[in-house]
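Asker: can't give you the sequence, but here's the structure:
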């Protein structure tokens, strides 16, 4: 792990969004006078690992981190050549500011891409739930027994 990598846990973010979608779906169903709820489970970790969008976001993040590390290494090499302490301090502050600005730009792009990927996964889960007339979907990791497993149906759609 890198000192520049403070990326969020994909599974946790996905799980929070999933719970929000489930609650909204269940509330809509209850308000419309629907039948008894149908429960389903989904292996969030498997879905996230199989998602081509999540893989692309992760790959892009890794290349961003590599670029930041290269910038830091280049800055250190340039600083090593400066003998005057005052000039070295000034140059160091400049490089740190440049690296931090680049990191902030990368963080914004990453957050936006992660949000778009998360929304797409939620839309897919909702479409599977609607197609199979499911009212409640819970992370499989938190269920001991029961529920229709929709993991494979969702994975087929995120590949």
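Answerer: Cool, the structure landed. This is a predicted model, so every value here is computed, not measured. Numbering: from 1, shown residues only.

Asker: what's the neighbour count on residue 65?
Answerer: 19 (other CB atoms under 10 Å). All C-beta spots, glycine's among them, are computed from the backbone N, C-alpha and C.

Asker: how about residue 154?
Answerer: With other CB under 10 Å as criterion, residue 154 counts 25.

Asker: pLDDT score assigned to residue 6?
Answerer: Note on residue 6: pLDDT of 56.

Asker: likewise the one 4 residues further on?
Answerer: The score at residue 10 is 64. That number is its pLDDT.

Asker: could you do residue 19 as well?
Answerer: For residue 19, the pLDDT comes out at 67.

Asker: go on, residue 118?
Answerer: For residue 118, pLDDT reads 89.

Asker: can I assume it sits in a strand?
Answerer: No: read with DSSP: H, G, I helix; E, B strand; the rest coil, residue 118 is helix and lies in no strand.

Asker: can you pull the poorly scored residue ranges out of the chain?
Answerer: By pLDDT under 70, the weakly predicted segments of the chain are 1-12, 14-15, 17-35.

Asker: if we go to 50?
Answerer: 1-3 (pLDDT under 50).

Asker: show me where it has helices.
Answerer: Listed in chain order, the helices of the chain (DSSP state H) span 10-31, 44-50, 52-80, 85-131, 151-158.

Asker: buried deepest among those, which one?
Answerer: Highest mean neighbour count among the helices of the chain (mean count of other CB atoms under 10 Å): helix 44-50, with a mean of 19.

Asker: brilliant, that's me finished.
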